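Student: Here is my input; please provide its structure:
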Amino acid sequence: MAEHGTVEFGTATGVDYNDHLHMYRHFLSITKWVTVALVILLVLMALFLL
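Tutor: Numbering: from 1, shown residues only. Have a look, this model is predicted:
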């Protein structure tokens, strides 16, 4: 069996933090608007289908 006594953290040299932050903010924005759209859809379904 291989020994894993030391922890090795890989360092990615191509990671751009600003690009990562930009994509994360877009992800949060899209998630927010999809949630709002689903809430509106559910309210409309409750009004017209019940």
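Student: Show the low-confidence segments of the chain, by residue range.
Tutor: For the chain, the stretches with pLDDT under 70 are 1-2, 4-5, 7-15.
Student: hmm, 90 instead?
Tutor: By pLDDT under 90, the weakly predicted segments of the chain are 1-20, 50.
Student: What segments of it are helices?
Tutor: 17-49 (DSSP state H).
Student: Just want the most central residue of it.
Tutor: The centre of the chain sits closest to F27, judged by CA atoms, centre = their mean, with a distance of 5.1 Å.
Student: residue contacts, that one?
Tutor: Contact analysis of F27 by CB atoms under 8 Å, 6 or more residues apart in numbering lists nothing. C-beta coordinates here come from the backbone N, C-alpha and C atoms, glycine included.
Student: ok, now how distant is it from L38?
Tutor: 16 Å (CB to CB, to the nearest Å).
Student: Over to E3?
Tutor: Per CB to CB, E3 is found 50 Å from L38.
Student: Check Y24 too.
Tutor: Y24 sits 21 Å away from L38, going by CB to CB.
Student: repeat for L28
Tutor: According to CB to CB, L28 and L38 sit 16 Å apart.
Student: do H20 as well
Tutor: Using CB to CB, which is the criterion applied here, H20 is 27 Å from L38.
Student: same thing with H22?
Tutor: 25 Å.
Student: And for L21?
Tutor: 26 Å.
Student: do the same with L47
Tutor: If you measure L47 against L38 using CB to CB, the figure is 15 Å.
Student: just D16 next, same as before
Tutor: 32 Å.
Student: what do you get for H26?
Tutor: For H26, the distance to L38 - CB to CB - is 19 Å.
Student: and what of L49?
Tutor: For L49, the distance to L38 - CB to CB - is 15 Å.
Student: neighbour-wise, which of those two wins?
Tutor: L38 (10 against 6; other CB atoms under 10 Å).
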